[in-house]
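when you get a sec, could you give me coordinates for this:
(chains A and B)
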Amino acid sequence: MQKGKGISRETLRGISEELTGVKVDEGEWEEMLIRVGDILKGVRALDEVDLTEVSPAFSYNPGGE
Amino acid sequence: MRDIDFESFTIHGLSELVRKREISPAEIIRATLIRIEQYDGELKAFITVLSDEALECAERAEASIVRGDYIGPLHGIPIGLKDIIYTKGSRTTCGSKILADFFPREDATVVTRLKKAGAIIVGKLNCHEFALGATSVNPHYGTPKNPWNARCIPGGSSGGSAVAVGASLCLGALGTDTGGSIRIPSSLCGTVGLKPTYGRVSTSGVYPLSWSLDHVGPMTKTVKDAAILLQSLAGHDPRDANSSSHPVPDYLSIREDVRGLRAGVPTEFYFENCDPEVRDRVMKALEVLEEAGVLIQEVSIPHLKHATTAGLVILLAEAASQHEVYLKGGQSEDYGKDVRGLLKNGTFVTATQYIKAQRVRSVMRREFLKAFELVDVLITPGLPLVAPEMEQNSVTLSGKRETVRSALTRLMRPYNLTGIPAIVLPCGFSKSGLPVALQIAGKAFEESTILAVAQAYENHTPWHEKRPSIETSGVPPSHSR
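Below is the predicted model of the structure:
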């Protein structure tokens, strides 16, 4: 990363490949970012839900038995 | 050979004739295969037709019935399977190029149970690749066509299953539902689709999409037929870690009198951004149920709007985990573009986002349990729209533009997140002649109650008797055998 220029798209793509282990072509990258942006927007909206003392539904049982 | 009016038959109706030995399983299967040959070149509902196996099974079924060993209402009945359901020795592609030559060593538990009930598997049905999509647009095997209008999508991911049932290429089918994949195509094709309670029907031997959201269930022409199939499928399976040991009731004794049952209509979310024709049809359906004695009241489920994101985050993360081996193993290019993109997006979901989604899921579950203290069922539209055209990527509903995928899935996800049972059934047609669907959801393991309300609606309306007039250009089917 060059000083004062922020992170380049190419570097970001490289970091994401390192983190996920999955290659993303340059052509796919644009669409990926748009979709990730949409998901992030939705995830931020989940902050409206009060999750105090709420544990995740891993041990899942719809009947609440 | 006798000319069989296949379009008018239901599982229930035909099974009576089989039981009385007025028609033989071999006659039924031969007629089914002829109908598939006649229409499936155009409709593309099947990926693989199991002609030889089906005919052999039919002959065995016939011999057994002649001996006096009639098993029950599925004996000799032609059933199709979504092609992500494993069939021993028969190709199971999952609608993908990656598994184009996959021949499972075992039947899925649901297949074993169907066979035990005497059903005859006639083929493997087209779907969205690996069940990851709501349209059934498939770059590898062609896209199945909506029998009501060939220019429209059938919906997905169990699109081939809904098309095959809607076009009477088989009398019932199995689909899977992770974010609406039984109920979306059933809604768009004018058939009945039942997503049972999570854990009610085994998912062992069904290619996973998202372990904590996956369900298997029946797709049929009528509510009674859905009950018949569910009866054969339900029950604990030690091969499925999420399978429930909750007792299985007699689904076939559907309660006829629904007077006094309480139905809730959610005030939030379900009727927002909804096609006015759909809203009108659903309102009329509520009137029909009210006349039948169902008590209708409004209910509130405050955080419903978050089901879409919570469901999507969980689904993408779990699907990416399941597919990691192909994504990293050099087969990434073998996916269709849309599925590859979604799976790669799934690798971007962080652990904290996934856990937050699971916590929201807990909140959602509590809110539904609270609503079910006041009512026995919830009634909503199946989808907010009728079938979009094949090339359509977006729709505008009540002035708001959204992607087709979002419009098809947003009313479905709450019931995958909470795991409660939900059924869709036709409640009329748009001016353009496309089916509109009603959705009825119930308490966990209360499939009998939603079946009763759905049956009451069906008893008072003619929609389940309508059949599409299928256009055919005489294209021969290209599927394997």
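
what's the neighbour count on A:Asp47?
Neighbours of A:Asp47 under the rule other C-beta atoms under 10 Å in any protein chain shown: 9. In short, each C-beta sits where N, CA and C put it, glycine included.

would you agree B:Lys145 is in contact with B:Glu42?
Yes. Assessed by C-beta atoms under 8 Å, B:Lys145 is found in contact with B:Glu42 at 6.7 Å.

which one of those two is surrounded by more residues?
B:Lys145 (25 against 20).

ramachandran coordinates for B:His323?
Backbone torsions of B:His323, given as degrees, to the nearest 10, read phi -100, psi 0.

hang on, it packs against B:Phe130?
Yes. Using C-beta under 8 Å, B:His323 is in contact with B:Phe130, at 7.2 Å.

isn't B:Val163 right next to B:Pro154, touching?
Yes. In this structure B:Val163 lies within contact range of B:Pro154 using C-beta under 8 Å: 4.8 Å.

which neighbours do the two have in common?
Listed as contacting both B:Val163 and B:Pro154 by C-beta atoms under 8 Å, 6 or more residues apart in numbering or on different chains are B:Pro144, B:Lys145, B:Asn146, B:Pro147, B:Pro185, B:Cys189.

which of those come close to chain A?
Applying C-beta under 8 Å from any C-beta of the partner chain to those, one finds that nothing falls near chain A.

any residue of stretch B:294-314 up close to chain A?
Yes. Against chain A, stretch B:294-314 shows contacts by C-beta under 8 Å from any C-beta at B:His303, B:His306, B:Thr308, B:Thr309, B:Ala310, B:Leu312, B:Val313.

among the shared contacts of B:Val163 and B:Pro154, which two are most distant?
B:Lys145 and B:Pro185 (11.7 Å; C-beta to C-beta).

so what sits against both of the two?
With C-beta under 8 Å, 6+ apart applied, the overlap between the contact sets of B:Lys145 and B:Pro185 consists of B:Pro154, B:Val163.

now the helices: where do they sit in the stretch 101-250 of chain B?
Assigned by DSSP state H, counting those that start in this stretch, the helices in the stretch 101-250 of chain B fall at B:109-116, B:159-166, B:183-189, B:223-233.

adding mean neighbour count and mean pLDDT, write the ones you listed out as a markdown table.
Output for the helices of the stretch 101-250 of chain B, formatted as a markdown table (neighbours: other C-beta atoms under 10 Å in any protein chain shown; pLDDT from 0 to 100):
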| stretch | mean neighbour count | mean pLDDT |
| --- | --- | --- |
| helix B:109-116 | 21 | 98 |
| helix B:159-166 | 35 | 98 |
| helix B:183-189 | 35 | 98 |
| helix B:223-233 | 26 | 98 |
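
distance to B:Ala456 added to the ones you listed, as JSON lines?
Formatted as JSON lines, these follow (distance: least, C-beta to C-beta, whole Å):
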{"stretch": "helix B:109-116", "distance to B:Ala456": "27"}
{"stretch": "helix B:159-166", "distance to B:Ala456": "22"}
{"stretch": "helix B:183-189", "distance to B:Ala456": "19"}
{"stretch": "helix B:223-233", "distance to B:Ala456": "9"}
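
after the helix or strand harbouring B:Met364, next one along is what?
Per DSSP states H and E, B:Met364 falls inside helix B:351-374. Downstream of helix B:351-374, the next assigned helix or strand under DSSP H and E is strand B:377-381.

so whichever helix or strand comes after that next one, near chain A or not?
Going down the chain from strand B:377-381, the next helix or strand is strand B:394-397, by DSSP H and E. No. Contact of strand B:394-397 with chain A (C-beta under 8 Å from any C-beta) is absent, the minimum separation being 13.4 Å.

pull the distance from strand B:394-397 to the chain's centre.
Distance, stretch centre to chain centre, for strand B:394-397: 24 Å (C-alpha atoms, centre = their mean, to the nearest Å).

so which of the residues of stretch B:294-314 next to chain A is the most crowded?
B:Ala310 (29 neighbours).

can I assume that residue is in contact with B:Arg361?
Yes. Under the criterion of C-beta under 8 Å, B:Ala310 makes contact with B:Arg361 at 5.6 Å.

name the element B:Val278 belongs to?
B:Val278 is part of helix B:276-291, with elements assigned from DSSP H and E.

can you give me the angle that helix makes with strand B:377-381?
Following axes from the mean of the first three to the mean of the last three C-alpha atoms, to 10 degrees, one obtains 150 degrees for the angle between helix B:276-291 and strand B:377-381.

list the buried ones in helix B:276-291?
Judged by neighbour count using 16 or more other C-beta atoms under 10 Å in any protein chain shown, the buried positions of helix B:276-291 are B:Glu277, B:Val278, B:Arg279, B:Arg281, B:Val282, B:Ala285, B:Leu286, B:Val288, B:Leu289.

next one: that helix to chain centre, how far?
Centroid displacement of helix B:276-291 relative to its chain, using C-alpha atoms, centre = their mean, is 22 Å.
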